[in-house]
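[1] Make a model of this:
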Amino acid sequence: FSGLKRDSYVLAVLLLFVYLLCMMAGKKGIAAILSAGVNILLFYLALCQYEKGTYVLPVTILVMILFAVCSLLIVSGWNRVTAAAVLATLLTVAAAGVFYFLVLKLAGDPEYFMMEYTEYLNNTSQFGMLFFAQVLIGGLGAVMDVAISITATAGELVYVNPGITKESLYDGIRHVADDIMGTMINVLLFVFGCGLIPMCVIRMNNSVRFMTIIKLHIPCELCRFFIESIGIVLAIPVSILITSVIMKLTIRKVKKIC
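    Numbers count the residues shown, from 1 in each chain. Reported below is the predicted structural model:
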């Protein structure tokens with residue numbers, strides 16, 4: 001196989017990205033790059049375990065915990081805000097996973113044979129777990145973003161006003177949560193849609209109706225989008241509850257010191 005050598009362009013874009021990130025965010029930018037590198041390594045190790053035939057579910061659960069802990073710990077450091085964000089992220093993803101399995105019990109499995117990678121799998125029993133891993137890991141980033149935004153807001157409110165009441169703290173967090181919820185769901189929608197553009201355009205150019213594409217070719221992608229969106233919505237009350245409890249303890253300690 002021969003083709004145009006593009007690695008120098010890719011390297012140039014990567015260096016530009018690293019430079020801009022470090023210039024704009026300083027130490028936080030370096031921490032973000034380190035976090036991404038650690039997550040890539042964890043993802044590679046998880047894929048190696050999948051390749052060896054290890055059962056998908058325990059590997060997925062372990063790597064998700066490591067993703068959440070390493071990402072938030074490296075970027076934000078260890079403090080009450082990070083602890084609240086990690087706990088809220090893991091509880092939310094767990095709740096979304098339980099909801100997913102409850103739906104499967106009521107409605108049955110989606111049509112995995114429509115997914116593009118099924119033809120390469122010899123063990124058909126892995127279809128469901130692979131899709132479950134895809135759903136949870138795909139929604140983890142959005143859930144983490146919501147959780148850290150809410151917990152960081154709560155931490156800043158307590159830092160600026162140590163005497164803030166629980167009601168005022170809840171109202172302040174809720175305003176931020178309402179603003180970011182719609183944005184994050186739209187981010188998921190755009191990520192979901194951009195990957196489908198080539199497939200949809202090619203099929204529509206071959207006289208396949210759009211509704212037929214939705215019904216026959218992308219049911220699993222729609223399921224993934226809905227589950228991940230539910231995870232974002234669940235992340236808000238879970239993050240608010242955990243943050244309120246942790247920050248309430250912080251307020252009590254500050255009052256005792258004062």
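[2] ok, Ile232 touching Leu140?
    No. Using CB atoms under 8 Å, Ile232 is not in contact with Leu140; the gap is 11.0 Å. All C-beta spots, glycine's among them, are computed from the backbone N, C-alpha and C.
[3] By mean pLDDT, point me to the weakest helix or strand of this structure.
    helix 219-257 (a mean of 75; mean pLDDT, DSSP states H and E).
[4] Off-centre distance for it?
    Helix 219-257 sits 13 Å away from the centroid of its parent chain (CA atoms, centre = their mean, to the nearest Å).
[5] Could you pull out the buried residues of that helix?
    The neighbour-count check on helix 219-257 (16 or more other CB atoms under 10 Å) flags 220-221, 223-225, 227-236, 238-240, 242-244, 246-247, 250-251 as buried.
[6] Which neighbouring elements make contact with that helix?
    Packed against helix 219-257, as judged by 3 or more CB pairs under 8 Å, 6 or more residues apart in numbering; DSSP states H and E, are the following elements: helix 80-107, helix 127-160, helix 166-205.
[7] could you list every residue that touches Met64?
    Applying CB atoms under 8 Å, 6 or more residues apart in numbering to Met64 gives the contacts 90, 93, 136-137, 140.
[8] can you pick the most crowded of the residues you listed?
    Using other CB atoms under 10 Å as the neighbour test, these are led by Val93, with 28 neighbours.
[9] Hmm, Met144 and that one touching each other?
    No. At 9.1 Å, Val93 does not count as touching Met144 under the criterion of CB under 8 Å.
[10] where do the contact lists of the two overlap?
    Ala68.
[11] Asn39: which of the helices and strands packed on helix 219-257 is closest?
    helix 127-160 (9.5 Å; CB to CB).
[12] buried set for that closest one?
    Buried-residue list, helix 127-160, by 16+ other CB under 10 Å: 127-128, 130-155, 157-158.
[13] got it, and stretch 63-79?
    Quick answer for stretch 63-79 (16+ other CB under 10 Å): 63-64, 66-68, 70-76.
[14] what bits of the stretch 101-250 of the chain have low per-residue confidence?
    108-126, 217, 247-250 (pLDDT under 70).
[15] can you pull the contacts of the nearest residue to Ala177 once chain neighbours are set aside?
    Ranked by CB to CB, 6 or more residues apart in numbering and with sequence neighbours excluded, the top spatial neighbour of Ala177 is Ile236, at 4.4 Å. Contacts for Ile236 (CB under 8 Å, 6+ apart) come out as 146, 150, 177, 181.
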